[in-house]
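A.B. asks: predicted model and sequence follow; I will ask about them next.
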Amino acid sequence: MKSFVRVSVLVGAMVCAAVPGRADTVTVDENGNGFYTPTGGQTQRLQVVTSPLVGAFLAYQLPFFVTGGDVGIKPGPPFDDAMCPNTSSNSSVLLGACDIISFFGDTLTFVSDGTDGTDSLADTNNISSFAGANVGLFVGINEIGSEGNNSASYNATGGPSNPGAPVSGGITYTFISDGSAAPAVPEPTSLFLLGSGLAGLAGWRRWRGAA
């Protein structure tokens, strides 16, 4: 019995050590709700801070430094780029973006076009007044979901050419245009590893008690 417990604990440790890469997630909305979940770790709420970029814009404090740059979120079908024609950047990638995410240092600034009415902390009456991170890195992504329940997903892998990328590893961002952000649900693999670790710990305690 003792040998079985020892082997179980060892296998559990080997499985945990064999998980490759990172799968960190960040989820933010336009109303000051932001969450960061590190790989295999506890979800933590992101603090709303003063944006380091010029203007009173909604910004979140990230727990790490990232590559600076801008991500433009365009409305998906059946909408077209003409919905939000005024964009702060000269980059064709961001022209037509209704939302702009700017990464600078260890902050994420969320700016949204408020032409349909100012109904969130991220809204600004003139999105073209937002200068962005202005570091020359631009990425354009499309919004998905029906009006009132829109979001966009963006994966940034470590490196100098991806806005929002950490120094190493990768991270998946979810930007919620309509609706509220909520903590990420752990993946089945993470739940399995957590369960294995708890089972191994319980077995180790029983073994210690029987010894």
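C.D. replies: Sure, I can see it. Numbers count the residues shown, from 1 in each chain.
A.B. asks: next one: the residue lying closest to residue 67 once chain neighbours are set aside from residue 53, what distance?
C.D. replies: Closest residue in space to residue 67, ignoring its immediate chain neighbours: residue 165 at 4.6 Å, by CB to CB, 6 or more residues apart in numbering. (Glycine included, C-beta is placed from N, CA and C.) Distance, residue 165 to residue 53, by CB to CB, to the nearest Å: 19 Å.
A.B. asks: for the residue nearest to residue 67, give me its contacts.
C.D. replies: Counting by CB atoms under 8 Å, 6 or more residues apart in numbering, residue 165 touches 66, 67, 156, 157, 158, 159, 171.
A.B. asks: closest one of those to residue 125?
C.D. replies: Among the contacts of residue 165, residue 66 lies closest to residue 125 (CB to CB), at 28.1 Å.
A.B. asks: who does that closest one form a beta bridge with?
C.D. replies: residue 166 (DSSP bridges).
A.B. asks: can you count the residues close to it?
C.D. replies: Using other CB atoms under 10 Å, residue 66 has 22 other residues around it.
A.B. asks: residues contacting it?
C.D. replies: Neighbours of residue 66 in contact, by CB under 8 Å, 6+ apart: 103, 105, 106, 108, 156, 163, 164, 165, 166.
A.B. asks: ok, the third one touching residue 65?
C.D. replies: So the one you mean is residue 106. Yes: Residue 106 lies in contact with residue 65 (CB atoms under 8 Å); the separation is 4.8 Å.
A.B. asks: isn't residue 73 right up against residue 96?
C.D. replies: No: the criterion here is CB under 8 Å, and residue 73 misses it with residue 96 at 10.0 Å.
A.B. asks: which one of these two has more residues nearby?
C.D. replies: Between residue 73 and residue 96, residue 73 has the larger neighbour count (other CB under 10 Å), namely 27 against 20.
A.B. asks: the helices in this structure, which residues?
C.D. replies: 2-17, 188-210 (DSSP state H).
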